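[1] Please find the sequence and the predicted model below.
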Amino acid sequence: MSSISYLFSRLLQIVPTFLLVMIFIFLLVRLLPGDPAIAMADAKATEAQLEQIRHNLGLDQPMPIQFAKFVGNVLTGDLGNSILQKAPVLAVIQDRLPVTLFLAGYSMALAILFSVPLAFVAALYRDRLPDLLIRSIFQISLSMPVFYIGLILLSILAARLKWLPVGGYGETWAEHFSHLLLPALTIAFYSSAIILRNLRTSVIEVLDAEYIQFARAKGLPQRLVLFRHVFRNALISTVTLLGLSIGNLMSGTLVTETVFAVPGLGRLMLDAIFARDYPLIQGLTLTFAVLVSLVFLATDMFQSWLDPRLRKS
Amino acid sequence: MTALTLSRLPAPVLQALARPAFLIGGGIILMSTLFALFPAAFAPYDPLAFNYAAIQQPPSLAHPFGTDNFGRDILSRVIWAYRIDMMIALFATIFALLIGVTAGSLVGYHGGWADTIFGRCVDAVITFPFLVLVIAVVAMLGPGLINMFVAITLVNWVYYARLMRAEVMTQTAHDYVSAGRVMGYSSGRIIFRHILPNAITPVLTFWMTDMALAILLGSSLGYLGLGAQPPLAEWGVLIAEGRNFIFTAWWMSLCPGIAIVLTGLGFSLLGDAVADMLRPKG
């Protein structure tokens, strides 16, 4: 199967999943106990105003029609209007999206920088001191909630040593890098633990494979064995793992943005929740789902490019 | 357990019981349970008593975790919070376990269209970051402990069901299931009397780890203001209360976290040990 037709078959698989995602987001607002119009309006709203809100939300029509309209609107990019920001939801999200993407990319880069070398060290020194040390540090970090890791780094690096700014986003690129360093470190520390644990296992699997024994037996120096054979083969599972950990990464940004007052999507989501801004909550939930599926898709494509055997099924 | 009954246990179980992972993990969870059941017996001070003579004291012998901005003893507040957080570990997982096991067994055994729909639902659920999905549901139901349990259960049962489905499908291929069918047993009897005991182990192991995750999730939601609500003492809530004082009184935020890390570690260690114990030998 060629790459193009593989891409198409993958895209087709996404369709039913997305239909369910849409149903879920559609039902979210209808999960509200009581009348969403009353929940959204202020206490003094008249019956006519409530009727207007119901009409704006399309709640006065039969369910299937409401759903069809909802899907149509979403496909044309119309996610309704944010009550909190008094602007179209799409515009509000577009405004904040770069911040979250920057933070996510930054954290991912740091996580790779930490976890890949450490995973190799741990695998090569299997069950000896360096391995045990690395594993126990990250085992502890796995037992910490993200916001707690953030607060520890904040109190040491920003409050005590005053090395880094406390949070925010800054204006210039240089400021983005310095302001987001603490939040990115926080997420990286947390995601590294997961990446490291899995990558260590897959490096060990590769190290035990016969072709590595063969490479060693034919007298290839250790450096070449590691780079040419072990690294390349362990790379496939690393890419998969990085792709699959995108959900964790997004959950991480959501909490971390709150801890460090970063004006991204996660922060926006919480603001929207406390303001009961339902169209915005729906829009953000959808955005997160789209982001994750795009990354899943990209992971699959990259994987099939690295390893053509995967295209067959 | 007396020495006599202990010696009757199979050797691998005995070995697992003597492992440090089990002893440490089990010890932590036992202690946590005692704290949750009898906080008054362990807390050195009244968790709610204001003491204006001792405001924001750093950790000392009298107050190992320091005091907060009202002079309340933080260690006592952390110990009382075990009640809420151990409750989160239990209630955020137990209903998901029950629903997931039932649904997973049924679709795994019967297959067909129900299984196809289930597969699609799983795809849709894992498309969302877990926290985003839970938060979206909490957002609709409104913040609070009970709503948080509902939201987590609504999302979490899928993971249990997926695990259970896979196990039941493997078991269904075994001869004893065909034998049950030939004997004319009802499918309910085959699933719940015969397959379930053979298929439940991975789910129970996952449950242990999941309780650790539930505590992390519950305290995160508490921190964000979406879970347990102040003045309820919950670790995430306590940490959030100290957040504004991180520059002047770091212990207010950092000390309650010790309890989260310890309990999380306890559940993971216990989970690992139980997994080792129950793993098929050979």
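    Done, it's in.

[2] C-alpha only now, for contacts and for neighbours.
    OK.

[3] So which residues on chain B come close to chain A?
    B:120-121, B:123-125, B:127-133, B:136-137, B:139-141, B:212, B:216-217, B:219-220, B:224, B:243, B:246-247, B:250, B:253-254, B:257, B:260-262, B:264-265 (C-alpha under 8 Å from any C-alpha of the partner chain).

[4] Buried ones only from these, please, as a ChimeraX command.
    Selection of buried members from the residues of chain B next to chain A for ChimeraX, criterion 16 or more other C-alpha atoms under 10 Å in any protein chain shown:
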select /B:120,121,123,124,125,127,128,129,130,131,132,133,136,137,139,140,141,212,216,217,219,220,224,243,246,250,253,254,257,260,261,262,264,265
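
[5] mind listing which of the residues of chain B next to chain A are in helices?
    Members of these lying in helices (criterion: DSSP state H): B:120-121, B:123-125, B:127, B:130-133, B:136-137, B:139-141, B:212, B:216-217, B:219-220, B:224, B:243, B:253-254, B:257, B:260-262, B:264-265.

[6] quick one, what contacts B:Thr127?
    Going by C-alpha atoms under 8 Å, 6 or more residues apart in numbering or on different chains, B:Thr127 touches A:247, A:289, A:292-293.

[7] ok, now how distant is it from A:Ile212?
    Distance from B:Thr127 to A:Ile212, counting by C-alpha to C-alpha, to the nearest Å: 36 Å.

[8] repeat for A:Thr287
    44 Å.

[9] Identify the residue spatially nearest to the residue of chain B found nearest chain A, adjacent ones excluded.
    Residue nearest to chain A within chain B: B:Pro129 (4.2 Å; C-alpha to the nearest C-alpha). Distances taken as C-alpha to C-alpha, 6 or more residues apart in numbering or on different chains place A:Gly247 nearest to B:Pro129, at 4.2 Å, with adjacent residues excluded.

[10] for the spatially closest residue to A:Thr100 that is not a sequence neighbour, what are its contacts?
    Residue nearest to A:Thr100 in three dimensions, not counting chain neighbours: A:Gly264, with 4.9 Å by C-alpha to C-alpha, 6+ apart. Neighbour list for A:Gly264: A:96-100, A:257 [criterion: C-alpha under 8 Å, 6+ apart].

[11] repeat that with 10 Å
    Counting by C-alpha atoms under 10 Å, 6 or more residues apart in numbering or on different chains, A:Gly264 touches A:93, A:95-103, A:168-169, A:253-254, A:256-258.

[12] Any quick ChimeraX command for the buried ones out of the residues you listed?
    What follows is the ChimeraX syntax selecting those of the contacts of A:Gly264 that are buried according to 16+ other C-alpha under 10 Å:
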select /A:93,96,97,99,100,101,102,103,168,169,253,254,256,257,258
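
[13] Tell me if I'm right that the residue of chain B closest to chain A and A:Leu286 touch.
    No - here B:Pro129 does not reach A:Leu286: they are 11.0 Å apart, not a contact under C-alpha atoms under 10 Å.

[14] and for those two, which residues touch both?
    Listed as contacting both B:Pro129 and A:Leu286 by C-alpha under 10 Å, 6+ apart are A:Val292.

[15] Any figure for the gap between A:Ser178 and A:Ile14?
    38 Å.

[16] buried stuff in the helix ranked longest in chain B?
    In chain B, ranked by residue count with DSSP H as the criterion, the top helix is helix B:74-110. Neighbour counts over helix B:74-110 (16+ other C-alpha under 10 Å) mark B:74-86, B:88-97, B:99-109 as buried.

[17] before we move on, what about stretch A:104-121?
    The neighbour-count check on stretch A:104-121 (16+ other C-alpha under 10 Å) flags A:104, A:106-108, A:110-112, A:114-116, A:118-121 as buried.

[18] Can you name the residue of chain A nearest to chain B?
    A:Gly247 (4.2 Å).

[19] Next one: that residue from B:His110, what distance?
    For A:Gly247, the distance to B:His110 (C-alpha to C-alpha) stands at 31 Å.

[20] Any stretches of chain B with poor pLDDT?
    In the predicted model, chain B carries pLDDT under 70 at residues B:1-9, B:12-13, B:16, B:279-282.

[21] what residue lies at the spatial centre of it?
    B:Met211 (1.3 Å; C-alpha atoms, centre = their mean).

[22] Now do the contacts for it.
    B:86, B:88-94, B:217, B:263-264, B:267-268, B:271.

[23] try it again with 6 Å
    Residues in contact with B:Met211 (C-alpha atoms under 6 Å, 6 or more residues apart in numbering or on different chains) are B:Ala89.

[24] Kindly report the same for the one 3 residues further on.
    Applying C-alpha under 6 Å, 6+ apart, we find B:Ala214 in contact with B:Ala89.

[25] cutoff 8 Å now
    If you count contacts by C-alpha under 8 Å, 6+ apart, B:Ala214 has them with B:88-89, B:92-93.

[26] again with A:Glu175
    Contacts for A:Glu175 (C-alpha under 8 Å, 6+ apart) come out as A:Tyr169.

[27] Beyond the strand or helix carrying it, next helix or strand please.
    Assessed by DSSP states H and E, A:Glu175 sits inside helix A:173-179. Next helix or strand after helix A:173-179 toward the C-terminus (DSSP H and E): helix A:181-208.

[28] still on that earlier bit, sort out which residues of the helix holding A:Glu175 are buried, please.
    The neighbour-count check on helix A:173-179 (16+ other C-alpha under 10 Å) flags A:176-179 as buried.

[29] Closest one of these to A:Gly77?
    A:His176 (28.8 Å; C-alpha to C-alpha).

[30] Could you pull up the residues touching that closest one?
    A:His176 touches A:169-170, counting by C-alpha under 8 Å, 6+ apart.

[31] hang on, the earlier thing: mind listing what the residue of chain A closest to chain B touches?
    A:Gly247 is in contact with A:292, B:127-130, counting by C-alpha under 8 Å, 6+ apart.

[32] Now render these as TSV, adding distance to A:Asn73.
    TSV is the format used below for the contacts of A:Gly247 (distance: C-alpha to C-alpha, whole Å):
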residue	distance to A:Asn73
A:Val292	21
B:Thr127	21
B:Phe128	21
B:Pro129	24
B:Phe130	26
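
[33] now for the residues you listed, which pair is the farthest apart?
    The largest separation in the contacts of A:Gly247, counting by C-alpha to C-alpha, is between A:Val292 and B:Phe130 at 11.2 Å.

[34] For the stretch 1-150 of chain A, just list every one of the helices.
    Ranges of helices in the stretch 1-150 of chain A, per DSSP state H, counting those that start in this stretch, are A:3-30, A:36-40, A:47-57, A:63-75, A:89-124, A:129-142, A:146-153.

[35] What helices and strands are in contact with the last one?
    For helix A:146-153, the packing partners by 3 or more C-alpha pairs under 8 Å, 6 or more residues apart in numbering or on different chains; DSSP states H and E come out as helix A:181-208, helix A:246-259, helix B:251-278.

[36] can these go into a markdown table with extra columns for distance to B:Asp46?
    Shown next, in a markdown table, are those (distance: least, C-alpha to C-alpha, whole Å):
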| stretch | distance to B:Asp46 |
| --- | --- |
| helix A:181-208 | 35 |
| helix A:246-259 | 30 |
| helix B:251-278 | 16 |
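
[37] show me the contacts for the residue lying closest to B:Ile246 once chain neighbours are set aside.
    Closest residue in space to B:Ile246, ignoring its immediate chain neighbours: A:Ser155 at 6.2 Å, by C-alpha to C-alpha, 6+ apart. Contacts for A:Ser155 (C-alpha under 8 Å, 6+ apart) come out as B:246-247, B:250.

[38] Closest to B:Leu30 out of those?
    B:Trp250 (29.0 Å).

[39] ok, for that closest one, nearest residue in space, not its chain neighbours?
    Per C-alpha to C-alpha, 6+ apart, closest to B:Trp250 is A:Ser155, 6.7 Å.

[40] distance of A:Leu207 from A:Leu235?
    Here the distance between A:Leu207 and A:Leu235 works out to 13 Å (C-alpha to C-alpha).

[41] Looking at these two now, which is surrounded by more residues?
    Here A:Leu207 and A:Leu235 are set side by side on neighbour count (other C-alpha atoms under 10 Å in any protein chain shown), and the busier one is A:Leu207, at 21 against 17.
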